[in-house]
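Trainee: Have a look; sequence and predicted model below, questions after that.
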Amino acid sequence: MEFLPEEPLVRIVLLIAAGAAFVQVLYYLFIYSRLAFHKPKQPVISEDPFSIVIAAKNEAKNLSHFLKDILEQKHPKYQVVVVNDCSWDSTEKVLEEFAGVYPHLKITTLIEQEKYRHGKKFALAIGIKGAEFDKLVFTDADCRPASPQWAAMMASCLKNKKEIVIGYGAYQKEKGLLNAWIRFDTAFNAMQYLSYAMAGIPYMGTGRNLAYSRELFFKNKGFAKHQHILSGDDDLFINAVANKKNTVVELHPDSFTCSISEKTFAGWLKQKRRHMSASSHYRFIHRILLGGFYASQILFYASIIALLLLKTDYRLVAAVFLFRLMFTWPVMAMAFSKLKEKGLLIFTLFFDIFVTLLYPILAIINLFNKKHTWK
């Protein structure tokens, strides 16, 4: 065709852009479409007892708002274990007030020691050891369940050799671009880890909404393999023990949880860096698959920019760009719809580019600054 570039450099860059777009399309069609086309089934609720485990550090305000919904789940027999992890606010008082009303609430209080500093994993391990039942459901102190059957739906999936249940933990919709970004980032990441799990390659779950058996935890020596890493109480444990046979995804909307998002970009960056710090410890195959996606995304946008700078025929640039968009956008739209995330698609292109720019920067920062704290 007469508008094809003659310059060798332009042809090479165009080939890179087309190749990167093709790789992206493959990810969306063969992996992320698993969530996009998933049809949630009505869960069969079991009457088997279960324990809900929450680690709380200075969470008096959140516990006051959200713990009641967790304590009033619809199920004939369950307990709620809250580990008060060295809180110096009024967390202890709030928990004692709830315990006076709800006898199935068990409180464990940890006292801070100067010679031994611990993170969330230690608190969770204490909660798991103190749990009465084998089926464990996990969430955070700032989470509200989507329905009174949330925990029962998650726990009921622990059957027929399924030892891990991966759920979705959303963030509450609020006004502002930051909230939209956090919700997009959360939904985008969920599209990845939920789709991989449905493809038989589970690599992580989120502690805001997760379930696994107590037996599985002790059989694999708990968090011992990565106890030295502050983050990863949820994803590193799942990455180490999950496989296609023992893992299932629960995606009924009533099984979701919803949290309050960070109010400042700096607060979110701190949280995101802590989460990303765990990914470098994933299994090699998982790092290759995830790295391949982000590498192709970076190459795609970098080559598109290069083509524009080289003053390539706009029709060629538009053709490559639209080729990727026509496959990725519908899949993302359907996946977000499954997660009940509304109002995000208008930000898709902007946030997609932002992800491409921001994630590599955060990864580089984590290489040189590895200091993280839970609270």
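Mentor: Looks like it arrived, so ask away.

Trainee: List the buried residues of stretch 249-269.
Mentor: Neighbour-count burial for stretch 249-269, counted by 16 or more other Cβ atoms under 10 Å, picks out 249-252, 254-262, 268. (Glycine included, C-beta is placed from N, CA and C.)

Trainee: Now intersect these with the helices, please.
Mentor: Among these, the ones falling in helices (DSSP state H) are W268.

Trainee: Of all residues in this protein, which one is nearest the centre?
Mentor: With distances taken as Cα atoms, centre = their mean, T206 lies nearest the centre of the chain, 4.5 Å away.

Trainee: where along the stretch 201-350 of the chain do the helices fall?
Mentor: Assigned by DSSP state H, counting those that start in this stretch, the helices in the stretch 201-350 of the chain fall at 214-219, 235-241, 265-279, 284-309, 314-338, 348-368.

Trainee: and the longest one, how far out from the chain's middle?
Mentor: Relative to its chain's centre, helix 284-309 lies at 21 Å (Cα atoms, centre = their mean, to the nearest Å).

Trainee: and it with helix 348-368, angle?
Mentor: Helix 284-309 and helix 348-368 are oriented at 120 degrees to each other (axes from the mean of the first three to the mean of the last three Cα atoms, to 10 degrees).

Trainee: need the contact list for the residue lying closest to Q271 once chain neighbours are set aside.
Mentor: Among residues not flanking Q271 along the chain, E262 sits closest, at 6.1 Å (Cβ to Cβ, 6 or more residues apart in numbering). When contacts are counted by Cβ atoms under 8 Å, 6 or more residues apart in numbering, E262 is found next to 178, 182, 268, 271.

Trainee: Local confidence estimate at E262?
Mentor: Looking at E262, its pLDDT is 91.

Trainee: Just read off the phi/psi values of it.
Mentor: The phi/psi pair for E262 (degrees, to the nearest 10) reads phi -60, psi 150.

Trainee: May I ask you to confirm that E72 is in contact with Q149?
Mentor: No: applying Cβ atoms under 8 Å as the test, E72 and Q149 come out as separate, 11.2 Å apart.

Trainee: Compare the two (neighbour count), which wins?
Mentor: Neighbours per residue, other Cβ atoms under 10 Å: of E72 and Q149, the larger number sits with Q149, 18 against 10.

Trainee: next one: phi and psi at the more buried one?
Mentor: phi -110, psi 10.

Trainee: from what I can see it touches I45, true?
Mentor: Yes: if you go by Cβ under 8 Å, Q149 and I45 touch, sitting 6.6 Å apart.

Trainee: Need the helices of the stretch 201-350 of the chain in CSV (columns: mean pLDDT and distance to C157).
Mentor: Converted to CSV, the helices of the stretch 201-350 of the chain look like this (pLDDT from 0 to 100; distance: least, Cβ to Cβ, whole Å):
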stretch, mean pLDDT, distance to C157
helix 214-219, 97, 13
helix 235-241, 94, 14
helix 265-279, 87, 24
helix 284-309, 95, 22
helix 314-338, 94, 17
helix 348-368, 85, 30
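
Trainee: so which of these is the most packed in?
Mentor: Each of the helices of the stretch 201-350 of the chain was scored by mean neighbour count; the highest is helix 235-241, a mean of 21, by mean count of other Cβ atoms under 10 Å.

Trainee: And K371, what's its pLDDT?
Mentor: On the pLDDT scale, K371 is placed at 59.

Trainee: any low-confidence regions in this structure?
Mentor: Within the chain, the segments meeting pLDDT under 70 span 1-6, 113-117, 369-375.

Trainee: quick one, domains of it?
Mentor: Per automatic domain parsing, the structural domains of the chain span 8-37+285-368, 50-266.

Trainee: could you dump the ones you listed to CSV with distance to S277?
Mentor: As requested, the domains of the chain are exported to CSV (distance: least, Cβ to Cβ, whole Å):
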stretch, distance to S277
domain 8-37+285-368, 5
domain 50-266, 5
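
Trainee: ok, V81 - contacts?
Mentor: V81 makes contact with 51-54, 106, 108, 127, 130-131, according to Cβ under 8 Å, 6+ apart.

Trainee: For it, name its beta-bridge partners.
Mentor: Per DSSP bridges, the residues bridged to V81 are V53, K106.

Trainee: Could you report the separation of it from T139?
Mentor: 11 Å (Cβ to Cβ, to the nearest Å).

Trainee: any common contacting residues for these two?
Mentor: Residues touching both V81 and T139 (Cβ under 8 Å, 6+ apart) are 52, 54.

Trainee: Tell me where the stretch 51-200 of the chain has strands.
Mentor: For the stretch 51-200 of the chain, the strands defined by DSSP state E, counting those that start in this stretch occupy 78-85, 105-110, 135-138, 143-145, 164-166, 169-171.

Trainee: residues making contact with the second one?
Mentor: The set of residues that contact strand 105-110 without belonging to it, under Cβ under 8 Å, 6+ apart, is 71, 79-86, 92, 95-96, 98-99, 118, 122-123, 126-127, 130, 132.

Trainee: if we go to 7 Å?
Mentor: With Cβ atoms under 7 Å, 6 or more residues apart in numbering as the test, strand 105-110 has contacts from 71, 79-86, 92, 95, 98-99, 123, 126-127, 130.

Trainee: now do the fourth one
Mentor: Under the contact criterion Cβ under 7 Å, 6+ apart, strand 143-145 has outside partners 66, 69-70, 73, 151, 169, 208, 257-259.

Trainee: which two from those end up farthest apart in space?
Mentor: By the measure Cβ to Cβ, Q73 and S259 form the most distant pair in these, at 17.2 Å.

Trainee: Find the nearest non-adjacent residue to L269, please.
Mentor: L362 (7.3 Å).

Trainee: Test my guess that that neighbour contacts M276.
Mentor: Yes: if you go by Cβ atoms under 7 Å, L362 and M276 touch, sitting 5.7 Å apart.

Trainee: CA-only coordinates of stretch 27-35 in CSV, if you can.
Mentor: C-alpha atoms of stretch 27-35 as CSV (Å, rounded to 0.1, in the frame of the first residue of the first chain):
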residue,chain,number,x,y,z
TYR,A,27,-3.7,-11.7,27.2
TYR,A,28,-7.2,-10.2,27.0
LEU,A,29,-8.7,-12.9,24.8
PHE,A,30,-7.2,-16.0,26.5
ILE,A,31,-6.8,-14.9,30.1
TYR,A,32,-8.8,-11.8,31.1
SER,A,33,-11.9,-13.0,29.1
ARG,A,34,-12.3,-15.7,31.8
LEU,A,35,-13.7,-13.1,34.1
